[in-house]
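Trainee: What follows is a predicted protein model with its sequence.
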Amino acid sequence: MQTKIFKKEKEFCIFPTFPFHFDGTFHKPSHFPDKLSTWESGKYWQTIRIGKKLFGLKIENKGKTQKPKIKVSVFYNKNISDKEIDNIKREIIWRFDLNADLKEFNKLAKSDKRFYPIFKKWLGMRNSGSESLYELLIIAVVLQNATVRRTVQMMNALLNNYGTRLKYDGKEIFAIWLPEKLKSVSEQNLRDLKIGYRAKFIKRLSQDFTEGKIDELELRTFNQENIEKELMKLYGVGPETVRILLFGVYHQYNTFDHIAPWQQKIYSQLFYKKPLVPANKIRDDIKKQYGKYSMLAVHYIMEDIFWRRKNEKIEWLEKEIRL
DNA sequence: CATCAGGGCCCTG
DNA sequence: CAGGGCCCTGAT
């Protein structure tokens, strides 16, 4: 593993659309624990790549719900250009959906008698995806057919071997490797990290990205159907991985068509207080109520329960998480 | 000790 | 379009 230390620093500010919820946007307690970011209330750290260059980010809350403002500190090694600063700013705005217009969604939330308290509590939260397309793809692949513990194991093994450890601002944050780094790595090398059949996926996906067979930025200009079509072409990408990518990387709020078994159990409890409701029923009910904001609405409710889990013990949830 | 399903997807028939 | 196989692990 490579270690880098960045000491130089440049700052700028971003003014998200209002209302805005900083902690809800920059910390997602439902995600498995990884070494790719750190959060404390009002502060957030992660690395970012612009082209092939790596930077360290520190993002701080400097505003209020109705008057949002965030301060970004960029840590770098030798130099940084104005263009790179611009790109970092653009990328942060995109990844954390800071320009989102959620007026319509908030209106819908207000008419929801049952869950309005939750929507109100997280008013202004965004469905952020802190990673690039390639990076989230890697994460989605290690999520496949695995429990949380195993996912963490696989991710750490990969990071320890091919990732970069970046030290800045008193933190140690990891960065996922560039796809081309795996060029000289054989499928067997990857298998030795106990990632199983996923080795083949990661090898082939990395090759496709290296060869430029898919363009993350270009896909941002496509409509949902076409983004989905392009993503489905990727080896190892099926309905669940596509859903993760459409929602996480491309901020499509209505991606509630595929429900994995573990999600089905949690949704059953959240929406029906029952152990297991048929996935089709859940899907139809949610889509009927929240329409084009189906996945976003569920995201709010899902994150809320995982935030609650930090302070209180929720028996049925502990059972379903299965470390 | 053995067996099995899991925070999916590919491939075959 | 259904179903078997895939890697590894912890649970049973």
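Mentor: Received it, and whenever you're ready, just let me know what you need. Numbers count the residues shown, from 1 in each chain, chains lettered A, B, ... in the order given.
Trainee: Does the residue nearest to the spatial centre of chain A lie in a helix or a strand, and which?
Mentor: By Cα atoms, centre = their mean, chain A has its centre lying nearest to A:Gly129, at 3.3 Å. A:Gly129 is part of no helix or strand, with elements assigned from DSSP states H and E.
Trainee: next one: A:Pro117
Mentor: helix A:116-121.
Trainee: Determine how far that helix lies from the middle of the whole chain.
Mentor: Distance of helix A:116-121 from its chain centroid, counting by Cα atoms, centre = their mean, to the nearest Å, is 22 Å.
Trainee: coming back round to it: show me the contacts for the nearest residue to the residue nearest to the centre of chain A once chain neighbours are set aside.
Mentor: Of all residues not flanking A:Gly129 in the chain, A:Gly248 sits nearest, at 3.5 Å (Cβ to Cβ, 6 or more residues apart in numbering). Yep, even glycine has a C-beta here, placed from its N, CA and C like the rest. A:Gly248 makes contact with A:127, A:129, A:131, A:136 under the criterion Cβ atoms under 8 Å, 6 or more residues apart in numbering.
Trainee: I'd assumed A:His251 was in contact with the residue nearest to the centre of chain A.
Mentor: Yes - contact status for A:Gly129 versus A:His251: in contact at 7.5 Å, counting by Cβ atoms under 8 Å.
Trainee: from the stretch 151-300 of chain A, which residue is nearest to DNA strand C?
Mentor: At 2.5 Å from DNA strand C, A:Gly196 is the closest residue in the stretch 151-300 of chain A, using Cβ to the nearest atom of the strand.
Trainee: Assumed that residue was part of a helix.
Mentor: No - A:Gly196 is assigned coil when assessed by DSSP: H, G, I helix; E, B strand; the rest coil, not a helix.
Trainee: still on that earlier bit, so what's the residue nearest to the centre of chain A up against?
Mentor: A:Gly129 sits in contact with A:95, A:136, A:247-249, A:251, where contact means Cβ under 8 Å, 6+ apart.
Trainee: Could you do A:Phe201 as well?
Mentor: A:141, A:235-236.
Trainee: any idea how far DNA strand B is from it?
Mentor: With distances taken as Cβ to the nearest atom of the strand, to the nearest Å, A:Phe201 is found 7 Å from DNA strand B.
Trainee: With A:Ala109 instead?
Mentor: As judged by Cβ to the nearest atom of the strand, A:Ala109 and DNA strand B stand 23 Å apart.
Trainee: tally of neighbours for A:Lys171?
Mentor: Residues contacting A:Lys171 under the criterion other Cβ atoms under 10 Å number 15.
Trainee: again but with A:Thr221, I slipped
Mentor: 9.
Trainee: And the one 4 residues further on, by the same measure?
Mentor: For A:Glu225, the tally of surrounding residues (other Cβ under 10 Å) stands at 8.
Trainee: How about residues contacting the helix holding A:Pro117?
Mentor: A:106, A:109-110, A:112, A:297, A:300-301, A:304.
Trainee: just to revisit the earlier point, of the contacts of A:Gly248, closest to DNA strand C?
Mentor: Of all the contacts of A:Gly248, A:Leu136 has the smallest distance to DNA strand C: 20.0 Å, by Cβ to the nearest atom of the strand.
Trainee: In three-state terms, label A:Gln289 for me.
Mentor: Here A:Gln289 takes the helix state, with states given by three-state DSSP.
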